[in-house]
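**Student:** Here is a sequence with its predicted model. Questions after.
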Amino acid sequence: MLSIITGTILLAVIHALIPNHWLPLVAVAKAEKWEKSELMLVSSITASAHVLGTVILGIILGLVGSKLANQYDEYVHVIAPVLLVVFGLIYFTVNLPHHHHAEKKSIEQYRKSKRKWIVIFVVMMFFSPCLEVESLFLAAGAYGFDKVFLLALVYAAISISGIITLVILAFRGIQLLKLEVIEQHEKQITGIVLIIVGLVTFFIH
């Protein structure tokens, strides 16, 4: 279970670093001349919506994993780790398009009220959960629902705090590292993390 929690922490950090999780917020805030406090509030709301969408789906999958563990003894030690490796290989080899991209046109061509922007970002983020972490929730279900809940708390805390921190840094004009590199190789990095977690979970119970 420790390997699953570690994998969740790594994926939460990786996803928080991806510019299209927070850069649109900064662009809109500067275009609409929001105050820092307003941006922090909107960032908190949208980041929470994103995490909520991910966690809801994760809990559902965790319940599925828990049910499978009760029915099949080999799920905990064999099937769950194998599924993580399979998902990892899929993400590593298939360059799936990321689902959080915000078109620059939506920022540059339309001027909306703050309330409308909040609705847009909340809806967009809630209905675009990070599917990469969901396999970890499925695997965590093998260890009981309390572990699924723990995973949800860990993912939520890191993701929300990470996104808000990066929004504030970018809003202040701080030049961040070339995070586009992480975005370009996000699927490969995610795949490697899932494969490692699967292998560790298989050999270390």
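**Tutor:** Okay, I see it. Numbers count the residues shown, from 1 in each chain.

**Student:** Just give me the neighbour total for residue 15.
**Tutor:** 24 (other CB atoms under 10 Å). From N, CA and C alone the C-beta is placed, and that goes for glycine too.

**Student:** For it, identify the helix or strand it belongs to.
**Tutor:** helix 2-17 (DSSP states H and E).

**Student:** Grab the most central residue of the protein for me.
**Tutor:** residue 130 (4.2 Å; CA atoms, centre = their mean).

**Student:** and that one, what pLDDT?
**Tutor:** At residue 130, the pLDDT value in this model is 78.

**Student:** pLDDT of the lengthiest helix in the chain, averaged?
**Tutor:** Longest helix in the chain by number of residues, with DSSP state H as the criterion: helix 36-71. For helix 36-71, mean pLDDT is 86.

**Student:** Next, the angle helix 2-17 makes with it.
**Tutor:** Put simply, helix 36-71 runs at 150 degrees to helix 2-17, going by axes from the mean of the first three to the mean of the last three CA atoms, to 10 degrees.

**Student:** is it true that the residue nearest to the centre of the chain touches residue 14?
**Tutor:** No - Residue 130 is beyond contact range of residue 14, at 9.5 Å (criterion: CB atoms under 8 Å).

**Student:** What part of this structure, helix or strand, is modelled with the least confidence?
**Tutor:** In the chain, no helix or strand scores lower on mean pLDDT, DSSP states H and E than helix 104-108, which sits at a mean of 45.

**Student:** List the buried residues in the following helix or strand past that helix.
**Tutor:** The helix or strand immediately downstream of helix 104-108 is helix 114-126, counting by DSSP H and E. Using 16 or more other CB atoms under 10 Å as the test for burial, helix 114-126 gives 117-118, 120-122, 124-126.

**Student:** on that earlier part again, tell me the angle the longest helix of the chain makes with helix 114-126.
**Tutor:** Using the same axes, to 10 degrees, helix 36-71 lies at 20 degrees relative to helix 114-126.

**Student:** next one: helix 36-71 to chain centre, how far?
**Tutor:** 9 Å (CA atoms, centre = their mean, to the nearest Å).

**Student:** Now stretch 7-22: average pLDDT?
**Tutor:** pLDDT averaged over stretch 7-22 gives 80.

**Student:** Show me what counts as buried in it.
**Tutor:** 7-12, 14-19, 21-22.

**Student:** Also stretch 146-163?
**Tutor:** 147-148, 150-152, 154-156, 158-160, 162-163.

**Student:** How far does stretch 32-47 sit from its chain's centre?
**Tutor:** Using CA atoms, centre = their mean, the offset of stretch 32-47 from its chain centre is 20 Å.
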